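Asks: fold the following and give me the result.
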Amino acid sequence: MRSLAVAALATLSSVAAAQPAPPNPYVAKHRATTDRLIDAALADSAAWLKIAELTDRFGHRLSGSVALERAIDWIIDRMTVEGLENVRGEPVMVPHWVRGTESAEMVQPRYGKLPMLALGGSIGTPANGITAEVLVVTSFDDLRARGQAARGKIVLWNVPFTSYGATVQYRGLGAVEAAKNGAVASMIRSVGPFGMRTPHTGAMLYDSTVTRIPSFAIAAEDAAMMQRFQERGERVVVSVRMEAQMLPDAPSRNVIGEIVGREHPDEIVVIGGHIDSWDVGTGAMDDAGGVVISWEAVRLLHRLGLRPKRTIRVVGWTNEENGLRGGLAYRDQHRGALAKHVLAIESDGGVFRPMGFGFTGPDPARTAIRQMARLLERVGADSIGPQGGGADIGPIMALGVPGMGHQVDGTRYFWYHHTESDNVDKLDPKEVAMNVAAMAVMAYLVAEEGLPGPPRE
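Replies: From the prediction side, this is the model:
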């Protein structure tokens, strides 16, 4: 009887497995159109050339800088010439931190210049700098266990990169924890898996209840060297000078362009990235690429005469890097229309080889998105991950807007992240074009078909 039951179950399983998959409602209906979009995106290097022109012409685009505002002016002018609709800048007040002149050097046990970058938001040193012994620690717990050993010293957080989320906390909170223990400055091993004595900057935080101390990053190689000196019982002394300071908030803008929907123009699919960057490199990867592939997606739709039922809005958010003011301002300025935002897609992970999107939203919408993604198999962007979103769309997602994060092969992303090496030469024109195709197809399909799910108020 047992063998018969097993055989019966096996037969039922075989029958179930042989049943055809339910028909995909999007593939046959939209294959010709999406193939046109993909063909157009892959036909040339227009997107890569646009990233190159933007970053070559304006360089880095730190919030509060003249370069950022000139770049926004250029984008507005270019979008207008290209025929995008409702092109505009929406005002945002942003933090204005400036780096100034800076340098660091090891003076004991031997002399050596240290490549370094102040962390965004840090205060500067006194005019004559800070010269102090270094205490190398490997974690918050390690520092706490050493008690008062940090008093009067520069604390070096020598924490090897495991993942960005796990390691970046030492960049964000290192100065606070070091100051709690009496340190005079905080120095971190750069947050990245690979470098050639290339320091990485990024935002840091202060606590109003703790003394503010200067905070800066050094190269991974130098951090590891200082730990070896300490383990051999040798005294390490570093001298650092930083002119970093925070100025009053400055005016900036979120930059916006659209292709207006032919039937439901008040229903919006938002796509984009952040137009600001750190003040090192030219921000080609982080995140001019994310802005440009979204912009190019809308431009291609316009050029091909493809006007979907719903509006597609491309946004270049300002101030993602050191304040998130652009994403917050977009939420506040469009709060009354968020119930009509069908989907928000953010690209802020580089424009390397595309893999797909992560999605956060109702299950019926996820099913539809997965079916739509079949039309992106040509460019390898048909994977839909379990979670999606991004820093700039986070504020509107918190109010119920479904969100997607553009996903790529991130193998090399953190090699260049927040460094002088973030320049357009790191991007492959063919991969950039594939990302334009992925963004254009996904935005078009959602804008044309909408997404199932409960109504939002």
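Asks: show the average pLDDT along stretch 51-61.
Replies: Averaging pLDDT along stretch 51-61 yields 98.
Asks: let me fix that, I meant to ask about stretch 213-222.
Replies: Per-residue scores along stretch 213-222 average to 98.
Asks: stretch 85-105 now?
Replies: In this model, stretch 85-105 has a mean pLDDT of 98.
Asks: how about residue 100: what's its closest non-neighbour residue?
Replies: Closest residue to residue 100 apart from its sequence neighbours, by Cβ to Cβ, 6 or more residues apart in numbering: residue 243 at 2.7 Å. Any C-beta I mention is one placed from the backbone N, CA and C, and that applies to glycine too.
Asks: low-confidence ranges, the protein, go.
Replies: Along the chain, segments meeting pLDDT under 70 span 1-21, 457.
Asks: residue boundaries of the strands in the stretch 101-250 of the chain?
Replies: Along the stretch 101-250 of the chain, counting by DSSP state E, counting those that start in this stretch, strands occupy 102-108, 112-113, 116-118, 130-137, 154-157, 185-189, 215-218, 237-242, 245-259.
Asks: burial count for the closest residue to residue 188 other than its chain neighbours?
Replies: Using Cβ to Cβ, 6+ apart and skipping residues adjacent in sequence, the residue nearest residue 188 is residue 157, 4.5 Å away. Here the number of neighbours of residue 157 (other Cβ atoms under 10 Å) works out to 28.
Asks: what's the answer for residue 180, then?
Replies: 15.
Asks: how near is it to residue 203?
Replies: Distance, residue 180 to residue 203, by Cβ to Cβ, to the nearest Å: 20 Å.
Asks: nearest residue to the middle of the chain?
Replies: Centrality entry for the chain: nearest residue to the mean C-alpha point is residue 348, 3.1 Å, by Cα atoms, centre = their mean.
Asks: how about the helices in the stretch 351-457 of the chain?
Replies: Shown for the stretch 351-457 of the chain, the helices assigned by DSSP state H, counting those that start in this stretch span residues 363-373, 394-397, 413-416, 429-449.
Asks: on that earlier part again, in JSON lines: the strands of the stretch 101-250 of the chain, plus distance to residue 73.
Replies: Listed next are those as JSON lines, based on distance: least, Cβ to Cβ, whole Å:
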{"stretch": "strand 102-108", "distance to residue 73": "30"}
{"stretch": "strand 112-113", "distance to residue 73": "38"}
{"stretch": "strand 116-118", "distance to residue 73": "28"}
{"stretch": "strand 130-137", "distance to residue 73": "40"}
{"stretch": "strand 154-157", "distance to residue 73": "40"}
{"stretch": "strand 185-189", "distance to residue 73": "36"}
{"stretch": "strand 215-218", "distance to residue 73": "32"}
{"stretch": "strand 237-242", "distance to residue 73": "31"}
{"stretch": "strand 245-259", "distance to residue 73": "9"}
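Asks: hmm, residue 69 and residue 275 touching each other?
Replies: No: Residue 275 is beyond contact range of residue 69, at 10.2 Å (criterion: Cβ atoms under 8 Å).
Asks: more neighbours: which of those two?
Replies: Set residue 275 next to residue 69 and count neighbours by other Cβ under 10 Å: residue 275 wins out with 30 against 18.
Asks: tell me who's in contact with that one.
Replies: The neighbours of residue 275, taking Cβ atoms under 8 Å, 6 or more residues apart in numbering as the test, are 61, 68, 71, 72, 75, 255, 287, 288, 291, 316, 317, 318.
Asks: select only the buried ones of those residues in ChimeraX?
Replies: To isolate the buried members of those in ChimeraX, using 16 or more other Cβ atoms under 10 Å:
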select :61,68,71,72,75,255,287,288,291,316,317,318
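Asks: out of the contacts of residue 275, which sit inside strands?
Replies: Among these, the ones falling in strands (DSSP state E) are 255, 316, 317.
Asks: ok, those vs residue 444, which is closest?
Replies: residue 316 (19.7 Å; Cβ to Cβ).
Asks: next, give phi and psi for the closest residue to the closest one other than its chain neighbours.
Replies: Nearest non-adjacent residue to residue 316, counting by Cβ to Cβ, 6+ apart: residue 275, 3.6 Å away. Main-chain torsions, residue 275, degrees, to the nearest 10: phi -90, psi -20.
Asks: the residue nearest to residue 100: what's it in contact with?
Replies: 99, 100, 101, 102, 124.
Asks: if we can go back for a sec, how about the strands of the stretch 101-250 of the chain, which one is nearest residue 29?
Replies: strand 245-259 (20.1 Å).
Asks: care to break this protein down by domain?
Replies: What automatic domain parsing lists as the domains of the chain is 27-97+248-449, 100-243.
Asks: mean neighbour count, those: which tops it?
Replies: Highest mean neighbour count among the domains of the chain (mean count of other Cβ atoms under 10 Å): domain 27-97+248-449, with a mean of 21.
Asks: where exactly do the helices run in the stretch 51-200 of the chain?
Replies: Remark: helices assigned in the stretch 51-200 of the chain by DSSP H, counting those that start in this stretch are 66-82, 140-145, 164-180.
Asks: elements contacting the second one?
Replies: Same thing as helix 140-145. Helices and strands touching helix 140-145, by 3 or more Cβ pairs under 8 Å, 6 or more residues apart in numbering; DSSP states H and E, are helix 164-180.
Asks: next one: the helix it packs on to chain centre, how far?
Replies: Distance of helix 164-180 from its chain centroid, counting by Cα atoms, centre = their mean, to the nearest Å, is 19 Å.
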